[in-house]
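> need coordinates for the below:
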Amino acid sequence: MGDGADEVKRRATRRIRELMAILKAMDKLAKSGGDQKSDHRVSKKPNDNPTLEEQGINKNLADSARKLAAMPEDKFEAETERVKGMAAANSTSPNAA
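Down below sits the predicted model:
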């Protein structure tokens, strides 16, 4: 990635966690866990809240969002600047495509 795309991706991923927390607080997010093997459990009830997966957020993206959101603001900003610097260095190297 280049031209600030890494920074945008990191900020957007962190924002996903904020939105996940809002949805959870509003009780608009499917509950996780539970007895998944019960015979009486219907796989999907019509009024069930959507899961993260159904909203296009896979477990890896959710995990990344949680980790970025858990970082203190100053550390997040420092890491983002570091990533931006690395991306800029890679884009100006003679071997960059």
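> got any ranges where this protein has weak pLDDT?
Along the chain, segments meeting pLDDT under 70 span 1-3, 33-44, 93-97.
> and the residue nearest to the spatial centre of the chain, helix, strand or coil?
Geometric centre of the chain, nearest residue: residue 65, 3.2 Å, by CA atoms, centre = their mean. Look at residue 65: counting by DSSP: H, G, I helix; E, B strand; the rest coil, its state is helix.
> run through the residues that contact the residue nearest to residue 4 when sequence neighbours are not counted.
Excluding the flanking residues, the one nearest residue 4 by CB to CB, 6 or more residues apart in numbering is residue 84, at 7.1 Å. Any C-beta I mention is one placed from the backbone N, CA and C, and that applies to glycine too. Counting by CB atoms under 8 Å, 6 or more residues apart in numbering, residue 84 makes contact with 4, 6, 7.
> name the element residue 82 belongs to?
Using DSSP states H and E, residue 82 sits in helix 73-92.
> put the alpha carbons of that helix into PDB.
Only the C-alpha atoms of helix 73-92 are listed here, as PDB (Å, rounded to 0.1, in the frame of the first residue of the first chain):
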ATOM      1  CA  GLU A  73      -3.900   7.000  21.800                       C
ATOM      2  CA  ASP A  74      -0.300   8.300  21.900                       C
ATOM      3  CA  LYS A  75       1.100   4.800  21.200                       C
ATOM      4  CA  PHE A  76      -1.400   4.300  18.400                       C
ATOM      5  CA  GLU A  77      -0.400   7.600  16.800                       C
ATOM      6  CA  ALA A  78       3.300   6.800  17.200                       C
ATOM      7  CA  GLU A  79       2.800   3.300  15.600                       C
ATOM      8  CA  THR A  80       0.800   4.800  12.800                       C
ATOM      9  CA  GLU A  81       3.600   7.300  12.000                       C
ATOM     10  CA  ARG A  82       6.100   4.500  12.100                       C
ATOM     11  CA  VAL A  83       4.100   2.500   9.600                       C
ATOM     12  CA  LYS A  84       3.600   5.600   7.400                       C
ATOM     13  CA  GLY A  85       7.400   6.100   7.500                       C
ATOM     14  CA  MET A  86       8.100   2.500   6.500                       C
ATOM     15  CA  ALA A  87       5.600   2.700   3.700                       C
ATOM     16  CA  ALA A  88       7.200   5.900   2.400                       C
ATOM     17  CA  ALA A  89      10.700   4.400   2.600                       C
ATOM     18  CA  ASN A  90       9.500   1.300   0.700                       C
ATOM     19  CA  SER A  91       7.800   3.400  -2.000                       C
ATOM     20  CA  THR A  92      11.000   5.400  -2.700                       C
END
